[in-house]
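1. Output the structure for:
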Amino acid sequence: MPEIKTGNAGNQAQGGRALSSQPVFHAQFPVGKQEYAEFGQAPYVWLIKFHLICLAVILLSFLMQAITEQNYLYCACVSGVSALLCGSYDIQAERGSRLAYRRHMISEGKPGTIYFLNFCGYLVSATDTHTPVSYDYKSIVSIAESERFFLLFLPYRLYIPVEKAAICGGSREEFLSYLFSKCPRCRSTVQKVKYKRQICLALAILFLAAFLLGFALFVFDSVRKAAAYPKGEIEKMLLIALKLL
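-> Model (predicted):
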């Protein structure tokens with residue numbers, strides 16, 4: 001979750017005017033340890049796309065091996081790299097919410113913060129300890145939905161949380177319709193966060209299994225091919241290789 005900063009004087013004045021103006025929608029909600037834990041699901045909105053690309057590459061590598069009948073070492077390497085990258089990203093995502101909460105505790109000195117959001121000419125965000133900051137609706141690139149929150153994504157993978165139960169001014173559908181009318185960069189769909197974390201973790205485990213399978217098939221195929229050589233031929237080939245080195 002992006003940390004609310006005070007910004008420059010112009011932004012503060014603009015944010016203060018917008019905060020005091022009559023909003024179309026507004027929300028007030030607390031953010032503490034439990035909320036930060038739910039925010040930890042946010043990275044999986046884009047991580048699942050990377051996982052699916054890796055899955056496609058792995059399937060393609062096994063398909064190419066079946067067509068060309070080469071060894072399985074390439075499949076094992078592709079699967080191993082995919083498992084390593086996806087696993088590391090998943091670990092970073094899991095640690096991200098805990099680190100964000102620690103930074104919150106260091107900067108605020110208390111476990112909870114009250115967030116205030118006004119949706120009027122600008123999206124204005126403030127807390128009980130920070131000066132209001134305004135955001136242009138054009139800066140919102142996508143909208144995701146978790147169990148309790150809407151996540152309004154900004155560039156650089158930052159986002160503004162909005163607790164659904166705290167929204168005043170209209171229904172869920174009216175709120176989303178208002179956002180889509182104000183945010184030209186958003187598609188008229190809401191990305192669901194639910195189950196994306198479980199899917200990403202399951203795919204990472206699947207990639208690891210594909211690596212082990214590819215390596216086992218490579219060893220089996222190498223032994224099978226070695227057994228096809230005449231007796232003593234393998235020793236001759238190893239001696240020639242040693243001489244070349």
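2. what about the strands in this structure?
-> Applying DSSP state E to the chain gives strands spanning 25-31, 113-119, 123-127, 133-135, 142-145, 149-153, 159-163, 191-192.
3. top helix in this structure by residue count?
-> In terms of residue count, the longest helix belonging to the chain (DSSP state H) is helix 73-108.
4. re the thing from before, quick one: closest of the strands of the chain to Leu212.
-> strand 191-192 (31.8 Å; C-beta to C-beta). The way it works is simple: take the backbone N, C-alpha and C, and place the C-beta from them, glycine included.
5. ok so, going back, kindly reformat the strands of the chain as a markdown table containing mean pLDDT, distance to Ile67 and mean neighbour count.
-> Listed next are the strands of the chain as a markdown table, based on pLDDT from 0 to 100; distance: least, C-beta to C-beta, whole Å; neighbours: other C-beta atoms under 10 Å:
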| stretch | mean pLDDT | distance to Ile67 | mean neighbour count |
| --- | --- | --- | --- |
| strand 25-31 | 89 | 53 | 18 |
| strand 113-119 | 89 | 55 | 20 |
| strand 123-127 | 87 | 52 | 22 |
| strand 133-135 | 89 | 51 | 22 |
| strand 142-145 | 90 | 38 | 20 |
| strand 149-153 | 90 | 40 | 23 |
| strand 159-163 | 89 | 43 | 22 |
| strand 191-192 | 86 | 36 | 14 |
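6. Tell me the buried residues in the longest helix of the chain?
-> 73-76, 78-80, 82-83, 86-87, 89-90, 93, 96-97, 100-101, 104 (16 or more other C-beta atoms under 10 Å).
7. next one: stretch 55-64
-> Buried, per 16+ other C-beta under 10 Å, within stretch 55-64: 55, 58, 61-62.
8. Give me the subset of these lying in helices.
-> Among these, DSSP H puts 55, 58, 61-62 in helices.
9. Would you mind giving the residues you listed as TSV with distance to Gln198 and pLDDT added?
-> Below are these laid out as TSV (distance: C-beta to C-beta, whole Å; pLDDT from 0 to 100):
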residue	distance to Gln198	pLDDT
Leu55	15	94
Ile58	19	93
Ser61	25	89
Phe62	24	89
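10. Out of the residues you listed, the closest to Tyr137 would be?
-> Compare each of these with Tyr137 using C-beta to C-beta and the shortest gap goes to Leu55, at 34.8 Å.
11. quick one: the longest helix of the chain to chain centroid distance?
-> 10 Å (C-alpha atoms, centre = their mean, to the nearest Å).
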